[in-house]
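> 3D, please:
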Amino acid sequence: MTRQLWAPWRLDYVRQASEQVGCVFCHEACDGLGTDSLVVHRGDAVVVLLNKYPYSSGHLMVAPMRHTPSLGDLSPDEAAEIHGLTVVALEVLGMLFSPDAFN
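Numbers count the residues shown, from 1 in each chain. Next comes the predicted model:
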């Protein structure tokens, strides 16, 4: 049986989620959030950003700048950049937090 994960710091997000217009990743990709941006790296076709309401320390997301419904829709260059930046992100997180594992 699955237990529901309770993360009280996410309550603000849950309350406001239905009010958000558009895709947060698209807003981040076009630098539309300005000083509220959580991007830590902007590549050619990919952004690496923090999660505003993380489940754990170091929660990073690596996302394509182009809005696409599936990883299978990525171009070979986009897929390679996502993979490369994910590897770098894991190395950095490993140095900063020394976790036992990543998911």
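> quick check: which element contains residue 87?
Applying DSSP states H and E as the criterion places residue 87 in helix 76-97.
> so residue 53 sits against residue 16, correct?
No: look at residue 53 against residue 16 with Cβ atoms under 8 Å: they stay out of range, at 10.6 Å. Heads up, the C-betas are built off the backbone N, CA and C, glycines and all.
> show me the helices in the protein, by range?
11-16, 24-29, 76-97 (DSSP state H).
> mean neighbour count, the ones you listed: which tops it?
Mean neighbour count (mean count of other Cβ atoms under 10 Å) peaks for helix 24-29 among those, with a mean of 17.
> pLDDT averaged over that helix - what is it?
Computed over helix 24-29, the mean pLDDT rounds to 84.
> which residues are in contact with it?
Outside helix 24-29, the residues that touch it by Cβ atoms under 8 Å, 6 or more residues apart in numbering are 32-33, 37-39, 47, 49, 61, 63-67.
> what of stretch 41-49?
Contacts of stretch 41-49 (Cβ under 8 Å, 6+ apart): 25, 28-29, 31, 37-40, 60-66, 75, 77-78, 81-82, 85, 89.
> what comes up buried for that stretch?
43, 45, 46, 47, 48, 49 (16 or more other Cβ atoms under 10 Å).
> residue 32: what's it in contact with?
So residue 32 contacts residue 26 (Cβ under 8 Å, 6+ apart).
> how close does it get to residue 55?
Distance of residue 32 to residue 55, given as Cβ to Cβ, to the nearest Å: 25 Å.
> just give the nearest non-adjacent residue to residue 102, would you?
residue 90 (5.8 Å; Cβ to Cβ, 6 or more residues apart in numbering).
> again with residue 75
residue 45 (7.8 Å).
> go on, residue 78?
residue 45 (4.8 Å).
> again with residue 79
residue 71 (7.1 Å).
> give me the neighbour count for the one you found.
Residue 71 is flanked by 10 other residues according to other Cβ atoms under 10 Å.
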